[in-house]
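**Student:** quick check, what structure comes out for this input:
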Amino acid sequence: MSYNELIRLLEENGFRLKSEKGSVRIYTKEGWPNPVRVDYHGSKEIATGTLNWILKAAGIKGGRR
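**Tutor:** Residues are numbered from 1 along each chain as shown. Below is the predicted model of the structure:
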């Protein structure tokens, strides 16, 4: 999965961009206790461990809603 696809998935699940500084983006969702940090790199593929960590932090199972 690319970073662009991950961002699209987060937004489909109700997350919105809260802040951005350089390549670091912070996404939040109303009712979700913790912000989700994404070190954004466009069309590059995300390492499996990094992807799993971000999806877990966002409460998304298996890369889908």
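**Student:** can you give me phi and psi for Ser19?
**Tutor:** Backbone geometry at Ser19, expressed as degrees, to the nearest 10, gives phi -150, psi 160.
**Student:** which residues touch the nearest residue to it once chain neighbours are set aside?
**Tutor:** In space, and not counting its chain neighbours, Ser19 is closest to Ile26: 4.8 Å by Cβ to Cβ, 6 or more residues apart in numbering. To be clear about C-beta, it is placed using only N, CA and C from the backbone, and glycine gets the same treatment. Contact partners of Ile26, counting by Cβ atoms under 8 Å, 6 or more residues apart in numbering, are Leu17, Lys18, Ser19, Glu20, Pro35, Val36, Arg37, Val38.
**Student:** so Ile26 is in which element?
**Tutor:** Using DSSP states H and E, Ile26 sits in strand 24-28.
**Student:** list of residues touching the helix or strand that that strand is followed by?
**Tutor:** Using DSSP H and E, the helix or strand that directly follows strand 24-28 along the chain is strand 36-39. Here strand 36-39 makes contact (Cβ under 8 Å, 6+ apart) with 3, 6-7, 10, 15, 23-28, 54, 57-58.
**Student:** on that earlier part again, tell me the bridge partners for the residue nearest to Ser19.
**Tutor:** Ser19, Arg37 (DSSP bridges).
**Student:** and the pLDDT for it?
**Tutor:** At Ile26, the pLDDT value in this model is 98.
**Student:** ok, now how distant is it from Arg37?
**Tutor:** As defined by Cβ to Cβ, to the nearest Å, Ile26 lies at a distance of 6 Å from Arg37.
**Student:** in this protein, where is pLDDT below threshold?
**Tutor:** Scanning the chain for pLDDT under 70 picks out 62-65.
**Student:** again, 50 this time
**Tutor:** Residues of the chain meeting the criterion pLDDT under 50: 65.
**Student:** contacting residues around Tyr3?
**Tutor:** Applying Cβ under 8 Å, 6+ apart, the residues near Tyr3 are Val38, Tyr40, His41, Gly42, Ser43, Lys44, Ile46.
**Student:** how about Ser2?
**Tutor:** Gly42, Ser43, Lys44, Glu45, Ile46.
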